[in-house]
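Participant: attaching a predicted model along with its sequence, questions to come.
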Amino acid sequence: MESQFGSPDVIVVGAGNAAACAALAAREHGASVIMLESAPLEEAGGNSRYTAGAMRVVFNGPEDLKQIIPDLTDEEIASADFGSYTIEQFYDDMGRLTEYKTDPDLAEILITKSLETLIWMRKKGVKFQASFGRQAHKIDGKFKFFGGLACETWGGGEGLVELEHKAAIRDGIQIFYETPVIDLLEGDDGIIGVKVRIGNKKVDIHCKAVILASGGFESNAEMRARYLGPNWDLAKVRGTRFNTGGGINMALKAGAMPYGQWSGCHSVSWDMNAPPFGDLVVGDSYQKHSYPHGIMINARGERFVDEGADIRNYTYAKYGKVVLEQPNMFAWQVFDAKISPKLRDEYRIRQVTKVQANTIEELAEKLEGVDPKAFIETVKEFNQSVMTDVPLNLAVKDGRGTKGLSIPKSNWANTLDTPPYEAYGVTCGVTFTFGGVKINNHGQVENEAGKPIPGLYAAGEMVGGLFYYNYPGGTGLTSGAVFGKLAGDSAGLAVTQN
Ligand SMILES: Cc1cc2nc3c(=O)[nH]c(=O)nc-3n(C[C@H](O)[C@H](O)[C@H](O)COP(=O)(O)OP(=O)(O)OC[C@H]3O[C@@H](n4cnc5c(N)ncnc54)[C@H](O)[C@@H]3O)c2cc1C
């Protein structure tokens, strides 16, 4: 049975973005590499495949972006203000959003290697495009980019994974589907292979190095309840059903150091009627991310969070938790006709939980599970508090807030007074978990004594220490790519030099 796998130098566990980058990098050093993936071909590629492909990368102007997006035309450059996203800005975002808990070494690697890693991906065959659709506003005929996110993969997550898998096959890396890794094989000098389950059979595969890139524990209800806390077992999962924490658990069993915020995760406002796991046809469109421009209310008919505290990129990943904490774990996002034409595309999909009405009173009756009287009172109070002397400007943090509310709205406060009114029902959708294993600056997994476990590397979601409490949008894919390449380079060098 072992023969179908050959005698690889390096085994990569998983087939998402981190795994593909690790495999391609190790192969570049001359190592023979295979990838082992739990999912069948139709569902392979992990959370990476469910994404819209947004990637946070340092760039000092359009000339840097041109290295990743050579197709960017002179007309496009002339028609847009890309601005820049400097090393300092990326550091600021990682620090501020994680309440300065991000591991400084990991953050430095992520930030300083982001541009060179994307250039390398491009050379491997991944294609990128400018995020005109999601990350730019048209002001006076010119697209102005915001939020440090100017670039996304061509074809979103589907395109990314398709091109990475194509590159792997081109480079002689075989991907084995429906091959979950269930344990690590330990020898006297470290990790010497993996145990996989194929049907009902268990098979050992030997190698010189294992790179774990098998995601977090977001798809495991038992682990979510255990580490994230009550009700997290009931949250919807935005992506793959295969990230059940297997890689993390087997690394811990081999002595790896747990690291990062095990009680924290990335989670968003997600359609309340979305299926329990992600749907590759709908992708990330169950998310509802125009909340900064409206209000959110809970079952008590009350607002519960500052919807306009910051631009979406910097609040969306922590507001899923806030929705989960509301009675019965749901909320309604409410907008009026001044805003509804400007809602993001994901509000216009067929699979949406939406109600509409011509008066606030009529809307109140349609908001399932909500105290109608309290809701009407909340809207009245909110409308009276809006600083209408400050102009509404959705393209910038406009400072148009509320006055006198116990829960303020800091920007984009918009009176709800123009029918028809629309409301969208959301619950919490979990994206990925923050806790994982500790790695060193070479991508090697460290044991409890802070020493590398020989032959064991890790990358992507299952690495702990980068994110705490919150997350700057577009960093997951960049982290997978940077740390995947790092682990692949280190493992590839180690196995070919010995
Ligand atoms: C809906 C959605 C939208 C998102 N949008 C973005 C975005 O636009 N930009 C961004 O940066 N991030 C985004 N993210 C986050 C991003 O997807 C992840 O941070 C990133 O893709 C993680 O990459 P990874 O390779 O570590 O994990 P994954 O891509 O999840 O890959 C893990 C792989 O391991 C496999 N696996 C698991 N257990 C085993 C096992 N025991 N044996 C073998 N294989 C196993 C899985 O099947 C999978 O192939 C989004 C996530 C979701 C769910």
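Facilitator: Good, I have the coordinates.
Participant: from here on, contacts and neighbour counts on C-alpha atoms
Facilitator: OK.
Participant: and the stretch 1-150 of the chain, which of its residues are near the ligand?
Facilitator: 13-19, 36-39, 44-48, 50-55 (CA under 6 Å from any ligand atom).
Participant: contact residues of the stretch 251-400 of the chain facing the ligand?
Facilitator: Contact residues (CA under 6 Å from any ligand atom) of the stretch 251-400 of the chain with the ligand: Gly283, Asp284.
Participant: residues near the closest residue to the ligand within the stretch 251-400 of the chain, how many?
Facilitator: Going by CA to the nearest ligand atom, the ligand is nearest to Asp284 of the stretch 251-400 of the chain, at 4.1 Å. By other CA atoms under 10 Å, the residues close to Asp284 number 18.
Participant: contact partners for it?
Facilitator: Listed by CA atoms under 8 Å, 6 or more residues apart in numbering, the contact set of Asp284 reads Tyr50, Thr51, Ala52, Arg238.
Participant: lowest-confidence entry in those residues?
Facilitator: When the contacts of Asp284 are sorted by pLDDT, the bottom entry is Ala52 at 92.
Participant: what's the neighbour count on it?
Facilitator: Using other CA under 10 Å, Ala52 has 21 neighbouring residues.
Participant: what are the phi and psi values for it?
Facilitator: phi -90, psi 0 (degrees, to the nearest 10).
Participant: what's the distance between Asp489 and Val12?
Facilitator: Remark: distance between Asp489 and Val12 (CA to CA, to the nearest Å) = 13 Å.
Participant: joint contacts of those two?
Facilitator: Among the neighbours of Asp489, those also in contact with Val12 (CA under 8 Å, 6+ apart) are Ala22.
Participant: who does the helix or strand where Leu184 lies touch, helix- and strand-wise?
Facilitator: Using DSSP states H and E, Leu184 sits within strand 181-187. When contacts are defined as 3 or more CA pairs under 8 Å, 6 or more residues apart in numbering; DSSP states H and E, strand 181-187 sits against strand 190-198, helix 246-253.
Participant: in it, what's buried?
Facilitator: By neighbour count on 16 or more other CA atoms under 10 Å, the buried set for strand 181-187 is Val181, Ile182, Asp183, Leu184, Leu185.
Participant: also stretch 373-384?
Facilitator: Across stretch 373-384, burial judged by 16+ other CA under 10 Å covers Phe375, Ile376, Thr378, Val379, Phe382, Asn383.
Participant: count of residues packed around Thr427?
Facilitator: Neighbour count for Thr427, taken as other CA under 10 Å: 29.
Participant: that one against Leu324, yeah?
Facilitator: Yes. Counting by CA atoms under 8 Å, Leu324 is a contact partner of Thr427 at 6.6 Å.
Participant: what is in contact with these two at once?
Facilitator: Taking CA under 8 Å, 6+ apart as the contact rule, Thr427 and Leu324 both touch Ala235, Phe330.
Participant: where does the chain dip in pLDDT?
Facilitator: By pLDDT under 70, the weakly predicted segments of the chain are 1-2, 498.
Participant: longest helix in it, please.
Facilitator: Ranked by number of residues, the top helix in the chain under DSSP state H is helix 475-497.
Participant: got the buried residues for that helix?
Facilitator: Buried residues in helix 475-497, counted by 16+ other CA under 10 Å: 475-495.
Participant: show me which of those residues neighbour the ligand.
Facilitator: Contacts with the ligand are made by Thr475, Gly476, Leu477, Thr478, Gly480 out of the buried residues of helix 475-497, judged by CA under 6 Å from any ligand atom.
Participant: could those go into JSON lines alongside distance to Cys151?
Facilitator: Shown next, in JSON lines, are those (distance: CA to CA, whole Å):
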{"residue": "Thr475", "distance to Cys151": "12"}
{"residue": "Gly476", "distance to Cys151": "14"}
{"residue": "Leu477", "distance to Cys151": "12"}
{"residue": "Thr478", "distance to Cys151": "11"}
{"residue": "Gly480", "distance to Cys151": "16"}
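Participant: list the residues that contact Ile182.
Facilitator: Taking CA under 8 Å, 6+ apart, we find Ile182 in contact with Val194, Lys195, Val196, Arg197, Gly246, Met250.
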